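> Predicted structure and sequence below. I'll ask about it afterward.
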Amino acid sequence: MTEKTALTPKTHTTPPAKFSHGVRKGNILQVAGQVGFLPAEEGKPPTPAGPTLREQTLQTLANVQAILEEGGASWDDAMMIRVYLTDTAHFPELNEIYDRYFVEQGLTAPPAARTTVYVGLPAGLLIEIDALAVLG
């Protein structure tokens, strides 16, 4: 039986509840919902990358990528990406940021499937993203 491994990159704080930032079992890697917090600093609370959707989206994608890499994966391994937005008006801007980000990443595989839903998040947070990757 393949062991399940919890993933917490150095850039992330210990989760605030009983969950993992990411989990890998065999060739399956699930990244938990990430928000746009800047890399963790010892003794400081999590801080959003900025007030704008662009700042938070780019940091959120960087946070997801850090967990993918911690588990031995990359964006090319992503099969499903789920985006959670707090405001339906942000959808066009999200698509612009998202498309440019993945073009700049130089992906060689077809893009992952994506779902976007609208949710409530803690005050000041505009976006959350999770991902499912299959390696090999």
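Right, received. Where do you want to start?

> Now do the contacts for Val23.
Residues touching Val23, when contacts are defined by Cβ atoms under 8 Å, 6 or more residues apart in numbering, comprise 4-7, 29-30, 32. Every C-beta, even on glycine, is put in place using the N, C-alpha and C of the backbone.

> longest helix in the chain, by residue count?
Assignment by DSSP state H gives helix 53-70 as the longest helix of the chain.

> What are the contacting residues of that one?
The set of residues external to helix 53-70 that reach it, using Cβ under 8 Å, 6+ apart, is 7-9, 11-12, 21-22, 29, 31-32, 34-38, 48-50, 74-75, 77-78, 81, 90, 93-94, 97-98, 101, 125-131, 133.

> tell me the phi and psi of Tyr118?
When read as degrees, to the nearest 10, the backbone of Tyr118 gives phi -110, psi 130.

> Just to check, it is in contact with Ala89?
No: using Cβ atoms under 8 Å as the test, Tyr118 is too far from Ala89 to be in contact (10.2 Å).

> Comparing those two, which shows the higher neighbour count?
Under the criterion of other Cβ atoms under 10 Å, the comparison of Tyr118 against Ala89 puts Tyr118 first, with 12 against 9.
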